[in-house]
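> one predicted model, sequence on top.
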Amino acid sequence: MTFVVTDNCIKCKYTDCVEVCPVDCFYEGENMLVIHPDECIDCGVCEPECPADAIRPDTAPGLEKWLEVNAKFAPLWPNITMKKDPPADAEEWDGVADKYAGHFSPEPGAGDE
């Protein structure tokens with residue numbers, strides 16, 4: 001089992017979760033984070049840290065798509081281990097439904113630069 005980042009992270013991109021991860025398995029895209037499923041040790045400490053409630057165990061129903069998204073983009077995006085300020089409009093995007101189709105960006109973020 002692993003944890004996955006879901007669509008509520010898109011355009012919210014809070015990074016509270018990366019600070020508590022003991023194995024640094026978060027990777028940063030332009031407008032969301034993902035978890036590398038082969039690096040996650042299933043400790044679960046990241047899940048309660050996410051203000052947008054965007055992290056779930058991959059065993060939860062209906063998360064197959066998000067496991068695929070996390071697995072696809074984690075090797076392509078830079079690692080992130082330090083907390084950053086969220087986007088200025090993060091609160092406005094928190095809870096918006098179905099963000100993937102219209103707002104997901106496959107572009108990498110900056111990582112720990």
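Nice, thanks for sending it over. Numbers count the residues shown, from 1 in each chain.

> in the chain, which spans are helices?
Counting by DSSP state H, residue ranges of the helices within the chain are 16-20, 64-73, 90-93, 99-103.

> what are the contacting residues of the shortest one?
Identification of contacts with helix 90-93 by Cβ atoms under 8 Å, 6 or more residues apart in numbering yields I10, K11, C12, K13, Y14, A52, P87, K99, H103. All C-beta atoms are positioned from the backbone trio N, CA, C, and that covers glycine.

> just to revisit the earlier point, can I get the helices of the chain in JSON lines with mean neighbour count, mean pLDDT and distance to N31?
Converted to JSON lines, the helices of the chain look like this (neighbours: other Cβ atoms under 10 Å; pLDDT from 0 to 100; distance: least, Cβ to Cβ, whole Å):
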{"stretch": "helix 16-20", "mean neighbour count": "18", "mean pLDDT": "97", "distance to N31": "15"}
{"stretch": "helix 64-73", "mean neighbour count": "17", "mean pLDDT": "97", "distance to N31": "12"}
{"stretch": "helix 90-93", "mean neighbour count": "15", "mean pLDDT": "96", "distance to N31": "9"}
{"stretch": "helix 99-103", "mean neighbour count": "12", "mean pLDDT": "96", "distance to N31": "7"}
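
> so which of those helices comes closest to T6?
Across the helices of the chain, T6 has its closest neighbour in helix 64-73 (4.9 Å, Cβ to Cβ).

> C25 contacts L33, correct?
No: counting by Cβ atoms under 8 Å, no contact exists between C25 and L33, whose distance comes to 10.2 Å.

> okay, these two: which has more neighbours?
More crowded of C25 and L33, by other Cβ atoms under 10 Å: L33, with 27 against 23.

> contacting residues for that one?
Applying Cβ under 8 Å, 6+ apart, the residues contacting L33 are V5, C9, K13, T15, C17, V18, F26, Y27, I80, G109.
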